[in-house]
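**Q** Return a 3D structure for these sequence lines:
(chains A, B, C and D)
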Number of protein chains: 2
Amino acid sequence: MATLKDVARLACVDISTVSRALNNTSYVHPETKKRVYAAAKELGYQPNVMAQALRQGKRRTIGVVVPRLHLAIFSEILQGIEEEARSLGYATLFCNTEDNPATEKECLNRLRNGFADGIIIAGTGYNNRLLRDIQASGIAVVQMVRRQEKRLSSIVADYEACGNDAVHFLYEKGCREIGLINGSLDLAPYKGRHDGYCKAVKQLGLNEYLSQSDYPVNSFEHGYECANQLLDDVPKLDAIMAAVDIQGLGVIRALTERKIKMPEQVKLISLTGHAVGRMLETSMTSMEMPAHEMGKKAAHMVIDEINAPADQKPSTQHVSFGTVLVEREST
Amino acid sequence: MATLKDVARLACVDISTVSRALNNTSYVHPETKKRVYAAAKELGYQPNVMAQALRQGKRRTIGVVVPRLHLAIFSEILQGIEEEARSLGYATLFCNTEDNPATEKECLNRLRNGFADGIIIAGTGYNNRLLRDIQASGIAVVQMVRRQEKRLSSIVADYEACGNDAVHFLYEKGCREIGLINGSLDLAPYKGRHDGYCKAVKQLGLNEYLSQSDYPVNSFEHGYECANQLLDDVPKLDAIMAAVDIQGLGVIRALTERKIKMPEQVKLISLTGHAVGRMLETSMTSMEMPAHEMGKKAAHMVIDEINAPADQKPSTQHVSFGTVLVEREST
DNA sequence: CTGAAAGCGCTTACAG
DNA sequence: CTGAAAGCGCTTACAG
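**A** Below you'll find the predicted structure:
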C-alpha cells in the first residue's frame, strides 16, 4: 500500500503538506493541492487507519457487545447501529458473549485496549465495575436493551409498560387466566416485564401465573417447557405472555402438540416482537420495540460522547422507547 | 492507560526490556522479569493494540462481510467464526452489505486500509476485482457460502448435491410435480441448487417448475409470492423446494391461507436449514449445512493464511461441506 | 542479559 | 504557504 511518503515523493512536497492537503486541515496552494491529489490518485493512496488512530488517540471504531445474534432482537438492533455508525464514519466491531460473564469480560478488555473508542453493550450485569472503569478511562460506554448499571447511559424500551399493556390488552380480549413466561429477574428487561405483568394482574384482580425451566431463558425449549408447565398447572389458562419471540415459538409448538386451538382457547402475545412474528403459520401478536431506531440512537449517543471534548462530556442519559402492540392471529 | 514507559519507569528498566519480558521474546533475568511483571500488574498495564499493529503490520483482526444477519444462515456462521477467531486471539470486525455492491465496496476498502489482516466474505460478486487486489496486497481473503471468484479460497456447501438430493427425497415420498423457489443465478448457491434441481428433475423425467417475483430474493415475501405463483400455475403441484428458510416461511403462509394441507397435499423442503425450521408450528424439513463448523473452518483458514510467511502462503483451496437432510413435519 | 536507537505511518505545533 | 521535527506506543535488530 502506498503511504504518505510515496505520495509526497511523487508530488515533490513534504509529507506534512500531503497530509494537510488531503485532510483539508489548513490552507495549501491550489497548484500544490492539485499535484498532491493527482499523486494520491495515481498511487491509490489510502490512509493507514492504525497510524491515524495511534497518532490521534482515536480509532473511529465502536465495539458492540451482545449476548447473541441468532433469532433475537439484537440482530435487528445491530443493523441500526452499523448503519448509523457507518454514516458517521465509524466501523463496528462486535462480540457476542452468550451471556457468559467471563467471555464478556474478555471482550471488554480487548475493546478497551485500543480496539474501540466507544462501547455499546447489552450486558450480563456481572461486569458493571469493569464498565465503569472503562468509562472512567475515557472510552464512551452506552448500555442498550439492558440497563444494568444506573451510572452509565442507556437506551432501553419501556418494559414495564410493555408487560402492563399486554395484560390489559388480553383482559379486554376476555382473558382472565394469564400466564407469564419470562427470564432472569437480574436482567432489567425481564424484571421490567415481570413488574408490569404483576402490577396489571393485581390491578385487575387476576391471579399471577409464573413459570420456569432449566433451559436457557432465551430459547425455544424454555418457552416450550414453561408453556407445558402453565397448561398443566392452570387448566383454565386462556392466555400466555412470552418475554421474547423465540419463547413464543416454543409456546405455539406446545399448544399445537396438545391440540389446543390458538387463539380460540389460548391466546399468545410476545413481549419482544421482531421480524419473525409476522411470518409464522399463525402469526404472532407482539409488543414491538423500535429495534432499528434504538440501534441508530445508541450509535449516535456513543459517538456523540466520543466526539465531545474531554471537559464537556455529556452527562449520563437514559432513553426509553415505547413499545407498540401489533395485533396478529395469535390473539 | 498505562504504557510501556510507565511500567519501565516503575520497574527501573528500559522499555525494551519490559517489552521482551512481557512478550517472552528473549531471555530476561528472572529477577528483572519479576519486577517487570509486578510493575505491569500494579499499573494494570495492557498493551496498546494499535501501536503493536502499526509496528508489526498486523492487527489480529479479521473482517467479515455478509449480506445480512437477520433470519439468515449468516448469523449462525458468524458465531462459528467469532468463536474460532477469538480462540486464536483474533477479533472479528463485521459489516453487512444488504447485498449492495457499493456498500460492499466501501466495507472492503475500509477493511483493507489497516482495519483487518484478513477478510471472510459472502459477497455479491460485483467486487471480485477489488477482492483480488486486496489479496494481492497481502491481506488474506476467504470466500464463504458464495464462491463468486475461483481464484480465491472458499468454504461452501455442496449446493448442487443439496438440490439434487432434495428432489430425489421428494420423489421417493411420492411427489411428481415439484416446484423450485430460488434466487439470482448470479450467486453461486442459487445457481448450484438450481442446477441440482434441474438435473434430478430431468433424470426422473419430471417437469421443471421455476418461479420468480419482484421481491428481494432472501425474503418472506419472495417465498410467499412464488408459492402462490406455483400453486396458480401448476394445479397438481405436490411439493415445493425453497432455497432458504425465510422463503419457506412464506410458502407455509401461502399454503395456510389457501387451506392447503401440508404435508398431505403439498410438501415443503428448505434447502438451507437453520435453527428456525425445527421451531415452527409445522416444523420444516430441510437440508442443513454445518453452519457453525463452516464458520470455524473459514476463520481457521483465513488466520492460517495470515500467519503463513509471505514466501509460503497456502495455495487457493476450495472446501465444500455436505448438507444433511433433516426430515420434519413438512414432508 | 539489557540499553539505545530506529522506525511503523501518520498529525500537528513550530518556524520561516 | 510549506518544511523539519517531534511524537503516538510499541518491537526489534544492533551493540555491548
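
**Q** Tell me the residues of the stretch 1-150 of chain A that contact DNA strand D?
**A** Applying Cβ under 7 Å from any atom of the strand, one finds that the stretch 1-150 of chain A approaches DNA strand D through A:12-17, A:20, A:26-29, A:31-33, A:51, A:54-55, A:57. For glycine as for every other residue, the C-beta is placed from the backbone atoms N, C-alpha and C.

**Q** Going along the chain, name the strands of the stretch 51-200 of chain A.
**A** With strands called from DSSP state E, counting those that start in this stretch, the stretch 51-200 of chain A shows them at A:61-66, A:91-96, A:118-121, A:140-144, A:153-157, A:178-181.

**Q** Point out the most buried one among the ones you listed.
**A** Among the strands of the stretch 51-200 of chain A, strand A:118-121 has the highest mean neighbour count (mean count of other Cβ atoms under 10 Å in any protein chain shown), at a mean of 29.

**Q** circling back to that earlier point, among the residues of the stretch 1-150 of chain A next to DNA strand D, name the buried ones.
**A** Among those, those scoring as buried are A:V13, A:T17, A:R20, A:V28, A:T32, A:K33, A:A51, A:L54 (criterion: 16 or more other Cβ atoms under 10 Å in any protein chain shown).

**Q** May I see the residues you listed arranged in JSON lines, with distance to A:T92, pLDDT and secondary structure as well?
**A** Putting those into JSON lines (distance: Cβ to Cβ, whole Å; pLDDT from 0 to 100; DSSP: H, G, I helix; E, B strand; the rest coil) gives the following:
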{"residue": "A:V13", "distance to A:T92": "36", "pLDDT": "92", "secondary structure": "coil"}
{"residue": "A:T17", "distance to A:T92": "33", "pLDDT": "93", "secondary structure": "helix"}
{"residue": "A:R20", "distance to A:T92": "30", "pLDDT": "93", "secondary structure": "helix"}
{"residue": "A:V28", "distance to A:T92": "33", "pLDDT": "89", "secondary structure": "coil"}
{"residue": "A:T32", "distance to A:T92": "36", "pLDDT": "91", "secondary structure": "helix"}
{"residue": "A:K33", "distance to A:T92": "33", "pLDDT": "90", "secondary structure": "helix"}
{"residue": "A:A51", "distance to A:T92": "21", "pLDDT": "88", "secondary structure": "helix"}
{"residue": "A:L54", "distance to A:T92": "20", "pLDDT": "85", "secondary structure": "helix"}
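
**Q** mind checking how far whatever residue of the stretch 151-300 of chain A ends up closest to DNA strand D is from A:E84?
**A** Closest residue of the stretch 151-300 of chain A to DNA strand D, Cβ to the nearest atom of the strand: A:L152 (24.5 Å). Per Cβ to Cβ, to the nearest Å, A:L152 is found 19 Å from A:E84.

**Q** Same question for A:R68.
**A** The value you get for A:R68 to A:E84, if Cβ to Cβ is used, is 21 Å.

**Q** Chain A against DNA strand C: which residues are in contact?
**A** A:3-5, A:15-16, A:19-20, A:22-23, A:25, A:45-48, A:51-52, A:54-56.

**Q** In this structure A:D6 contacts A:Q46, no?
**A** No - counting by Cβ atoms under 8 Å, A:D6 does not reach A:Q46; the two are 11.5 Å apart.

**Q** Need the residues touching each of these two.
**A** Residues touching both A:D6 and A:Q46 by Cβ atoms under 8 Å, 6 or more residues apart in numbering or on different chains: none at all.

**Q** before we move on, back to that, tell me the one of the buried ones among the residues of the stretch 1-150 of chain A next to DNA strand D nearest B:A188?
**A** A:A51 (37.1 Å; Cβ to Cβ).

**Q** in terms of contact, does the closest one touch B:N113 like I think?
**A** No - using Cβ under 8 Å, A:A51 makes no contact with B:N113, being 10.2 Å away.

**Q** quick check, the helix or strand harbouring A:I303 touching chain B?
**A** Using DSSP states H and E, A:I303 falls within helix A:291-307. No - if you take Cβ under 8 Å from any Cβ of the partner chain as the test, helix A:291-307 misses chain B, and the best it gets is 9.9 Å.

**Q** Direction included, what does the helix or strand following that helix pair against?
**A** Using DSSP H and E, the next helix or strand after helix A:291-307 towards the C-terminus is strand A:318-321. Strands that pair with strand A:318-321, judged by DSSP bridges, come out as strand A:153-157 (parallel).

**Q** if you average pLDDT over the strand it pairs with, what comes out?
**A** Average pLDDT, strand A:153-157: 97.

**Q** quick one, what contacts whichever residue of the stretch 201-331 of chain A sits closest to DNA strand D?
**A** Proximity to DNA strand D, evaluated over the stretch 201-331 of chain A using Cβ to the nearest atom of the strand, is greatest for A:A310 at 14.2 Å. Shown in contact with A:A310 (Cβ under 8 Å, 6+ apart): A:G138.

**Q** Wasn't A:D214 part of a strand?
**A** No - applying DSSP: H, G, I helix; E, B strand; the rest coil, one finds A:D214 to be coil, outside a strand.
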